[in-house]
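# Sequence and predicted structure below; questions after.
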2 protein chains.
Amino acid sequence: MENCIISTSSIEFVIKSKKPMKLSKKTDYALRALLHLSLKYGKGSVQIKEISSTERLPNKFLENILLSLRKAGILQSRMGLKGGYSLARPPEKITLGEVVRILDGTIAPMGCVSRAEYESCPEEEIGCAIKSVMQDVRDAVARVLDDTTLADLARRVGSLQKAG
Amino acid sequence: MENCIISTSSIEFVIKSKKPMKLSKKTDYALRALLHLSLKYGKGSVQIKEISSTERLPNKFLENILLSLRKAGILQSRMGLKGGYSLARPPEKITLGEVVRILDGTIAPMGCVSRAEYESCPEEEIGCAIKSVMQDVRDAVARVLDDTTLADLARRVGSLQKAG
DNA sequence: AGAAAGTCTACTTGTTCAGTAAACATTTAC
DNA sequence: GTAAATGTTTACTGAACAAGTAGACTTTCT
């Protein structure tokens, strides 16, 4: 149960350290839902039920996921009758890296390699050598995920539909 | 509990599908032990106890790990008095990618993206778009890990020692 | 007021990770 | 040949986590 403190500009957060990189069902579902919302961006809010039924995602689980995304500022919601969710920003401004980090905690393959997490690095050479390779891995993954936006993803869906 | 069938040349294996990419303690310890053995390559076999005590790794756990590596053909062992483990190949011929795949099962961030595992890809566009991005991630990771050998790692240890 | 939507807290169930224990098999030194 | 040292195998455990469910609560539109 390690925690860590990260500081961004002048604010400090304490976040719970989670498992290293792995694309969970959670993130998978999140991306599907976000893609759904991307295709309807600018056309008002969409209800959870609509998303879960057309994308075939477990409704209650999706509720949790969308809630996390809203708290993180990626979605906005309206309660009550005719409520629902919508993207808080245009799809070009939301990267997959951001989504993964919100739901899976970090992108790094080892705790001590993460940009976001603090972890004391033991001062021995073997560990540091391994760590430096894992840093290379982390950077490679981050480069892909941080360069891909929801809009890019939506474009890929479009071209697949044409091809099919 | 998904299983999968892979075929290599003419033999078929059924292997248990494991979790997607993540550098486990197992792999971490494995790399430390292999690095230890790399530094002694060509000088006979090394006992588990020596490795676990000098690298501070849990002895029994390390036994499991070395056993897996031996079965996979990375290590060779000699039983009995004065027995022990040694690399089955020179350090330049062992990549980190190989080690990770042996111990963590696969490198891919999603099952259906893995080269080694078969997983039915649902024929819907959203899933395929996500999949194609994850393929990019997998390739980026594989490029780093498959290009780094134990010898490279040993070299990094050496330069760190000089610097320190 | 009441129905329809999101919000919150808590729980369950199964799996994996990390590590341990103990019995068993093999080889070598003597 | 036997004992000691070593590797091999199976089984087990506790903690953490993932995935998903349940139910009460709050807000908003009509």
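Perfect, thanks for sending it. These numbers were taken from a predicted model, which means no experiment stands behind them.

# residue contacts, the residue nearest the centre of chain A?
Against the mean C-alpha coordinate of chain A, by CA atoms, centre = their mean, the closest residue is A:Val99 at 1.3 Å. Going by CB atoms under 8 Å, 6 or more residues apart in numbering or on different chains, A:Val99 touches A:27, A:30-31, A:34, A:69, A:74. (Glycine included, C-beta is placed from N, CA and C.)

# Pick the one among the residues you listed closest to A:Asn59.
Distance to A:Asn59, by CB to CB, is smallest for A:Ala30 among the contacts of A:Val99, at 14.4 Å.

# Switch the contacts of A:Val99 over to CSV; also include secondary structure.
Compiled in CSV, the contacts of A:Val99 are given as follows (DSSP: H, G, I helix; E, B strand; the rest coil):
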residue, secondary structure
A:Thr27, helix
A:Ala30, helix
A:Leu31, helix
A:Leu34, helix
A:Leu69, helix
A:Ile74, coil
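
# is it true that A:Gly73 touches A:Ala88?
Yes. Counting by CB atoms under 8 Å, A:Ala88 is a contact partner of A:Gly73 at 5.9 Å.

# Who has more neighbours out of those two?
Just comparing A:Gly73 and A:Ala88: by other CB atoms under 10 Å in any protein chain shown the higher neighbour count belongs to A:Ala88, 15 against 11.

# Report the contact partners of that one.
A:70, A:73-76 are the contacts of A:Ala88 under CB under 8 Å, 6+ apart.

# Nearest to DNA strand D: which residue in chain A?
Closest approach between chain A and DNA strand D, counting by CB to the nearest atom of the strand: A:Gly80, at 2.2 Å.

# Dihedrals phi and psi, that residue?
Main-chain torsions, A:Gly80, degrees, to the nearest 10: phi 80, psi -170.

# before we move on, back to that, next one, pLDDT for the residue nearest to the centre of chain A please.
On pLDDT, A:Val99 comes in at 95.

# between the longest helix along chain A and helix B:125-147, how many degrees?
Looking across chain A with DSSP state H, the single longest helix is helix A:125-147. With axes from the mean of the first three to the mean of the last three CA atoms, to 10 degrees applied, the angle from helix A:125-147 to helix B:125-147 works out at 150 degrees.

# List the contacts of the closest residue to A:Ser38 other than its chain neighbours.
Among residues not flanking A:Ser38 along the chain, A:Pro91 sits closest, at 4.1 Å (CB to CB, 6 or more residues apart in numbering or on different chains). Taking CB under 8 Å, 6+ apart as the contact definition, A:Pro91 lies against A:38, A:41, A:149-151, A:154.

# circling back: so which strand or helix has the residue nearest to the centre of chain A?
helix A:96-104 (DSSP states H and E).

# Is DNA strand C within reach of that helix?
No. Helix A:96-104 stays clear of DNA strand C (CB under 7 Å from any atom of the strand), getting no nearer than 14.6 Å.

# That helix relative to helix B:125-147, how many degrees between them?
Relative orientation of helix A:96-104 versus helix B:125-147 (the same axes, to 10 degrees): 90 degrees.

# now check helix A:96-104, is it near DNA strand D?
Yes. Against DNA strand D, helix A:96-104 shows contacts by CB under 7 Å from any atom of the strand at A:Asp104.

# who's in contact with the host helix or strand of A:Asn64?
A:Asn64 belongs to helix A:59-71 when assigned by DSSP H and E. Helix A:59-71 has contacts (CB under 8 Å, 6+ apart) with A:26, A:29-30, A:33-34, A:48-49, A:51-53, A:75-77, A:85, A:88, A:99, A:102-103.

# mind listing what's buried in that helix?
Buried residues in helix A:59-71, counted by 16 or more other CB atoms under 10 Å in any protein chain shown: A:62, A:65-66, A:68-69.

# Within its sheet, name the partner strands of whichever helix or strand comes after that helix and how each one runs.
Heading C-terminal from helix A:59-71, the first helix or strand you meet, by DSSP H and E, is strand A:75-78. Sheet neighbours of strand A:75-78, with direction, are listed as strand A:84-87 (antiparallel) (DSSP bridges).
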